[in-house]
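Structure for the following, please:
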Amino acid sequence: MSSRQTLRQPLRRTLLALALAAVAGTSFAQKANAPAKAAAWPTKTLRIMVGFPGGSTPDLVARTIAEPLSRALGQPVIVENRPGAGGNIAADIVAKSTDEHTIGVMINGNMTIAKLLNPATPFDPLTDLAPISLIATAPLLLTAPTSTPFNNAQEFFEAAKAAGNKWSYGTPGVGTVGHIGMELLKTKAGIDPVHVPYPGNPQVINAMLSGQIQLSLLPPGLAAAQIRAGKLKAVGVTSSGRSSLVPEYPSLGDGGVKGFQLEIWTAAAGPASLPKPIVAKLSSLISEIARSPEVRQKLFQQGWQVAGTSSEGLANRIKADTELLGGVIRMRGIKAE
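I've put the predicted structure just below:
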């Protein structure tokens, strides 16, 4: 071996060591700067996208947390409504956002079975969204117009069976939990009303008040006010027993539909590209805000039981509901076009 080659080998090793040290240093610096970046974030207005109209349940939840979240972050927080496609238009905006200042308040379907319902959905909730926090949960309340002749759940289902497909039910969109839940209820109760989708639950209620549809599974916060005012009638709730949200109404199980249990929820999510330190910061703040006495009371009045979970808690719920709702989709052959 020549003396020149002998000198080159130590030089190569030195250069390689320096290169590895530089890479390691960069990686360490990035990790060290992550908490600092999260502490400095946000640097501008935070947008909360909602896929349903103003006055809908996700909209009310988003607006309830927006003000205290703005105070906690020291930046404006605005709620932007982009209704359509069962909430998936707004969810897609969130999934494709790259500005680190756009998140969404979404319902079960947007974060679980959107791609199962329609393979053409432009985002995959399981890979394109970052779970932040499960904000609140609630059973649904099966509701009917006051003109429907029944005094209890058993009488209602007898009338529904007799009506067959002459009755129709409304939902805030194809693939929403209200839609999938009703398809499951049709199987368990032996009824066959026709599905009529609307932009949101306020429009569903208006359709029921005008007699265009005969039943719907509605969030209790929206349905109970109409029922107590004598404008609609309650059949029962989808919880395993009576719910603390509407304790005056029996469960559908008590009314003869055994083994039927369903829950809706609303949660915060960001794009999958959102840095983990920012996700962790938002998760901590939103869960703390949801569990605060003031917000807890407001959410309860809207018909929600506070969850306020971590991002991991929401991820676990997404997995469980994807299996449950996905099973109904396959069983009933539900497809969103």
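
Can you give me every residue that contacts the residue positioned nearest the centre of the chain?
The structure's the chain has its C-alpha centroid closest to residue 107; by C-alpha atoms, centre = their mean the separation is 2.0 Å. Listed by C-beta atoms under 8 Å, 6 or more residues apart in numbering, the contact partners of residue 107 are 51, 52, 57, 58, 87, 176, 177, 264, 265, 266. C-beta here means a position set from N, CA and C on the backbone, and glycine is covered the same way.

can you do 10 Å?
Listed by C-beta atoms under 10 Å, 6 or more residues apart in numbering, the contact partners of residue 107 are 50-52, 56-58, 61, 86-87, 91, 172-173, 176-178, 219, 264-267.

Does it have any beta-bridge partners, and if so which?
Applying DSSP bridges to residue 107 gives these bridge partners: residue 266.

Next step: the contacts of residue 107 restricted to strands.
When strands are assigned by DSSP state E, the members of the contacts of residue 107 inside them are 50, 264, 265, 266, 267.

just those: which has the poorest pLDDT?
Here the lowest pLDDT out of those sits on residue 264, with 89.

Might one say that that one is in contact with residue 171?
No. Here residue 264 lies out of contact with residue 171, judged by C-beta atoms under 10 Å, at a distance of 11.5 Å.

Show me where the chain has its helices.
When secondary structure is read from DSSP state H, the chain shows helices at 3-40, 57-73, 88-96, 108-111, 114-117, 125-128, 153-163, 177-189, 201-209, 220-228, 276-291, 293-302, 311-332.

which one is residue 93 nearest to, not counting chain neighbours?
Here the nearest residue to residue 93 in space, its sequence neighbours aside, is residue 49; by C-beta to C-beta, 6 or more residues apart in numbering that works out to 5.4 Å.

What distance do you get for the residue nearest to the centre of the chain to residue 61?
10 Å (C-beta to C-beta, to the nearest Å).

Mutual contacts of the two, please.
Where contact means C-beta under 10 Å, 6+ apart, the residues bridging residue 107 and residue 61 through contact with each are 50, 265, 266, 267.

Distance to residue 209 and neighbour count added to those residues, as TSV?
Below are the shared contacts of residue 107 and residue 61 laid out as TSV (distance: C-beta to C-beta, whole Å; neighbours: other C-beta atoms under 10 Å):
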residue	distance to residue 209	neighbour count
50	24	27
265	26	24
266	24	29
267	30	29
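
Farthest-apart pair in these, please.
The most widely separated members of the shared contacts of residue 107 and residue 61 are 50 and 265, with 14.7 Å between them, by C-beta to C-beta.

remind me, longest strand of the protein?
The single longest strand within the chain, with elements called by DSSP E, is strand 129-139.

what lines up beside it in the sheet?
For strand 129-139, the paired strands and their directions (DSSP bridges) read strand 263-271 (antiparallel), strand 305-306 (antiparallel).

What lies in contact with the last one?
Residues outside strand 305-306 that contact it (C-beta under 10 Å, 6+ apart): 134-139, 220, 239, 243-245, 263, 265, 287, 289-292, 295-300.

re earlier: so which of the helices of the chain is the most packed in?
By mean neighbour count, with neighbours taken as mean count of other C-beta atoms under 10 Å, helix 108-111 ranks first of the helices of the chain at a mean of 29.

Could you tell me how far that one lies from the centre of the chain?
A distance of 5 Å separates the C-alpha centroid of helix 108-111 from that of its chain, computed with C-alpha atoms, centre = their mean, to the nearest Å.

What is it packed up against?
Counting contacts by 3 or more C-beta pairs under 10 Å, 6 or more residues apart in numbering; DSSP states H and E, the secondary-structure elements packed against helix 108-111 are helix 88-96, helix 114-117, helix 125-128, strand 129-139, helix 177-189, strand 263-271, helix 311-332.

So which of these is nearest residue 44?
Closest approach to residue 44 among these (C-beta to C-beta): strand 263-271, 15.2 Å.

Alpha carbons of that closest one, in CSV - could you do that?
Listed next in CSV are the C-alpha coordinates belonging to strand 263-271 (Å, rounded to 0.1, in the frame of the first residue of the first chain):
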residue,chain,number,x,y,z
GLU,A,263,-73.5,6.9,20.1
ILE,A,264,-72.5,10.0,18.2
TRP,A,265,-69.4,12.0,19.0
THR,A,266,-67.7,15.1,18.0
ALA,A,267,-63.9,15.5,18.0
ALA,A,268,-61.1,17.8,16.9
ALA,A,269,-58.6,16.7,14.3
GLY,A,270,-55.9,18.2,12.2
PRO,A,271,-54.0,17.2,9.0
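
between it and helix 88-96, what angle do the directions make?
Counting by axes from the mean of the first three to the mean of the last three C-alpha atoms, to 10 degrees, strand 263-271 lies at 40 degrees to helix 88-96.

hang on, the earlier thing: so which of the ones in strands among the contacts of residue 107 is the closest to residue 129?
The shortest gap between residue 129 and any of these belongs to residue 267, at 9.8 Å (C-beta to C-beta).
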